[in-house]
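**Student:** take this sequence and fold it.
(one chain, ligands or ions: 2)
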Amino acid sequence: MDEFVIRGHVINPVATDRATMTDSVVHVGADGTIMARHDASTPMAAQVLDHAARHGMAVQVLSPAQLLMPGFADLHVHAPQWPQMGRALDLPLRDWLEQRTFPLEARFADPAFAAPVYDEMVRTLLANGTTTAVFFATIHEESSLLLARTCLRHGLRAHVGLVAMDDPALCPPTYRNAGVEQALDATRRFIHAVRALPGNERGLVRPMVTPRFIPACTDGLLRGLAALAAAEDCLIQTHCSESDWEHDYVRQRTGVNDTVALDRFGLLRRGTVLAHSCFMTADDMALVHARGAAIAHCPVSNAYFAGAVLPLRKAWQAGVHVGLGTDISGGYSPSVAVNAAMAVTASRMLDTGTDPARTAGKRGRPGARLTFTEGLWLATRGGMAALDIAAGQFDAGQAFDAILIDRAAPGSNILPPGPGRTDDTAADVVQQMLCNMGRPDIRAVWVAGRRVHGDVD
Ligand code: GUN
Ligand code: FE
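**Tutor:** Ligands and ions are numbered 1, 2, ... in the order given. Okay, here's the model as predicted:
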């Protein structure tokens, strides 16, 4: 890869509650890392442009309607549920799993079925600006490895989990591991195979230990997977306190909340990604913080399956890492921007409450609301930080994971600067992006300096 320079408007999430928008010069090194970002009016920016001219480096100058923003982190996606996206959401979680989801995922035993699905999914996520994705695959080694290869081929930074689920109480005979040893052997082989994939020397695609959720796994499997993750130094993902049914199921079986149970099994570690986590107590949050684990907040999915809104600000106040997940196909959108806007919307509904039969003072949980700027943080740097990935901001040393937005693109719903809208603040632009961006205006996407979608000419 050659070094290059981009000059134009850059949206940079600099803190949870602050984003800047500046005319910038961004210098990307040959390894895909940002070497510098300077405000365009500074002498340092002039030096970078001068250096680029003297060394014949490509300099891309963006139009006033264009801007760069960080790529999105999607911390929770079920890759094999792609064919079901936008479907079956009228069922409650348990029925949805048993009637629709397990039978669909069972079909991934056939790699020929998996291949085109995974290819289309990865290309669509990139086209929506996702630059890092955390995937649940299925229990099948061959097609799950194919997912890892597909991410690598298209340049999507990804964590891929071979799903483990062995408990006959919940998992059908057609879709479950044969036993604890079989599941552990498969996961160990999968970890090694992903790490050894040709072209994966820099670890763009990483394996993840993936117990589906406590109700689908026996105690022996949960304990074994924790030991394996520790021995292999591998991240973990699972579902946690997602719905009343799931939460009560775990409490009946273990006597404690998911968080405590996961910790007792050894599954709560730095980098563990807990999808949902809607029903956590303050003690649960403190435990998640103490272990350094993260929450993947999936606000679209939660509207259908959870029956509750994650009190996200409480998680932040407890010091817990939080990112966003689309939870395809529990969530219907492949866009992290849609989920970021939904996170804001849901937080507003939690804040004010929703039942008009109650008086305003007794309707909600004041203080729960999030700003769109906070939504951007969740969608970008928040998610990357949960995974210890140096990306999500335009700062020296971070990977150049970026989205080029063209607000004047045909079909775009974003209103470019124009009469009556010339004095937008950074917060206004951030809000417009999360509320109105879509595929027509996503002109190009880069992961670690490699252009993985679109064009810039
Ligand atoms: N809990 C266990 N499996 C799943 C799944 O596939 N989707 C969701 N939303 N929750 C789950
Ligand atoms: Fe999920």
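**Student:** next one: whichever residue of the stretch 301-450 of the chain sits closest to ligand 2 relative to Val430, how far apart?
**Tutor:** Closest to ligand 2 within the stretch 301-450 of the chain is Asp327: 4.5 Å, counting by C-beta to the ion. Glycine gets a C-beta too; all of them are placed from N, C-alpha and C. Using C-beta to C-beta, to the nearest Å, we find Asp327 at a distance of 23 Å from Val430.
**Student:** Ala148 now?
**Tutor:** 33 Å.
**Student:** look at the residue of the stretch 301-450 of the chain closest to ligand 2 and report its pLDDT.
**Tutor:** The per-residue pLDDT reported for Asp327 equals 98.
**Student:** residue contacts, it?
**Tutor:** His76, Val77, His78, Ala275, His276, Ala296, Cys298, Val300, Ser301 (C-beta atoms under 8 Å, 6 or more residues apart in numbering).
**Student:** quick one: neighbours of the first one, just the number.
**Tutor:** To tie it back to what came earlier, the one meant is His76. 29 (other C-beta atoms under 10 Å).
**Student:** quick one: contacts for it?
**Tutor:** With the criterion set at C-beta under 8 Å, 6+ apart, His76 makes contact with Val134, Phe136, Gln237, Val273, Ala275, Ala296, Cys298, Gly325, Thr326, Asp327.
**Student:** now the last one. Its backbone dihedrals?
**Tutor:** As for Asp327, its main-chain torsions (degrees, to the nearest 10) stand at phi 50, psi 30.
**Student:** need the strands for the stretch 201-350 of the chain, in chain order.
**Tutor:** Using DSSP state E, counting those that start in this stretch, the strands found in the stretch 201-350 of the chain span residues 205-211, 235-240, 273-276, 294-297, 321-324.
**Student:** pick out the residue of the stretch 151-300 of the chain closest to ligand 2.
**Tutor:** Ala275 (4.9 Å).
**Student:** ok, and of the contacts of His76, which contact ligand 1?
**Tutor:** Asp327 (C-beta under 6 Å from any ligand atom).
**Student:** which stretch of helix or strand covers the residue nearest the centre of the chain?
**Tutor:** Geometric centre of the chain, nearest residue: Asp74, 1.4 Å, by C-alpha atoms, centre = their mean. Using DSSP states H and E, Asp74 sits in strand 72-78.
**Student:** parallel or antiparallel, which strands does that strand pair with?
**Tutor:** The pairing partners recorded for strand 72-78 under DSSP bridges are strand 130-136 (parallel).
**Student:** residues making contact with the next helix or strand after the strand it pairs with?
**Tutor:** Elements were assigned by DSSP H and E; along the chain past strand 130-136, the next helix or strand is helix 141-154. For helix 141-154, the surrounding residues in contact (C-beta under 8 Å, 6+ apart) are 79-80, 108-111, 113-115, 118-119, 122-123, 126, 133, 135, 137-138, 157-158, 160-163, 186, 189-190, 193-194, 197, 199-200, 204-205, 207, 452.
**Student:** just the ones of these in strands?
**Tutor:** Residues of these located in strands (DSSP state E): Ala133, Phe135, Arg157, Ala158, Val160, Gly161, Leu162, Val163, Val205, Pro207, Val452.
**Student:** which one of the residues you listed sits in the busiest neighbourhood?
**Tutor:** Gly161 (31 neighbours).
**Student:** what parts of the stretch 201-350 of the chain come near ligand 2?
**Tutor:** Counting by C-beta under 5 Å from the ion, the positions of the stretch 201-350 of the chain adjacent to ligand 2 are Ala275, Asp327.
**Student:** swap the cut-off to 6 Å and go again
**Tutor:** Selection of the stretch 201-350 of the chain residues close to ligand 2 by C-beta under 6 Å from the ion yields His239, Ala275, Asp327, Gly330.
**Student:** what's the closest of those residues to Gly418?
**Tutor:** Lowest distance from Gly418 to those (C-beta to C-beta) belongs to Asp327, with 36.5 Å.
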